[in-house]
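1. pasting the structure only:
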């Protein structure tokens, strides 16, 4: 009887041990899967780097920011991923955690441009079609141009508030913009002598001129523009921190 009881006790311990191991393994797999899914679903990943870790006080400190897109095609402002404007939100701190203010701002990037669609003016910003899985690299020639840094140890990182848009418009030649304005004037004309038939002919003729200009300059009009009204949302992306020393 005692032998049977001891056998049962050992069997129960073994069963619970196996179940516990299986549960731990399952939890580990679920955690790893969740981490992988989170990494894969990231909108984009920023990687900041510099060629060296130590610079002299008078030496230029170049920075390079690599933007690795995730698994979605993104319509984003051109300046955010292709110009020095990507470094707008640089954070530079010393070994005591003191954050420095930028003494010389990063030059402005995108400027607004009015395009026309269906005879109506649409405010836009120059855009970039960032395809899934692609990489963009942006360089800052010299960190010291924008910060007054004394000899010491520093950490540097970049944050991008990335705007994402739903739609884009093709670039328009200045002549096309003027002709679109003409169409808008025709559509808004309330003069009784400007009959519907005359209005229709004027709009059709002007549209024909627009089509000719589009064909003539199609090789030059490669840029895309993002209507401000189509803003989908914003995502805050933060790079890794790099350490550097100034001697």
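-> Alright, I've got the coordinates. Given the structure is predicted, the values throughout are model-derived calculations rather than measurements. Numbers count the residues shown, from 1 in each chain.
2. how close does the residue at minimal distance from the centre of the chain sit to residue 94?
-> Taking C-alpha atoms, centre = their mean, the centroid of the chain lies closest to residue 162, which sits 4.2 Å from it. As judged by C-beta to C-beta, to the nearest Å, residue 162 and residue 94 stand 28 Å apart. The way it works is simple: take the backbone N, C-alpha and C, and place the C-beta from them, glycine included.
3. For the protein, just list every one of the helices.
-> Assigned by DSSP state H, the helices in the chain fall at 2-40, 78-82, 174-188, 196-216.
4. if we can go back for a sec, what's the closest non-adjacent residue to the residue nearest to the centre of the chain?
-> Distance criterion C-beta to C-beta, 6 or more residues apart in numbering; nearest residue to residue 162, sequence neighbours excluded, is residue 235 at 4.9 Å.
5. show me what contacts the one you found?
-> By C-beta atoms under 8 Å, 6 or more residues apart in numbering, the residues touching residue 235 are 43-44, 161-162, 164.
6. got CSV for the residues you listed, with distance to residue 90 too?
-> Formatted as CSV, the contacts of residue 235 follow (distance: C-beta to C-beta, whole Å):
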residue, distance to residue 90
43, 20
44, 18
161, 13
162, 16
164, 22
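7. Quick check: the residue nearest to residue 162 vs residue 48, distance?
-> From residue 235 over to residue 48 the distance is 17 Å, taken as C-beta to C-beta.
8. Residue 109 too?
-> 19 Å.
9. my guess is residue 171 meets residue 218, correct?
-> No - if you go by C-beta atoms under 8 Å, residue 171 and residue 218 don't touch, sitting 10.2 Å apart.
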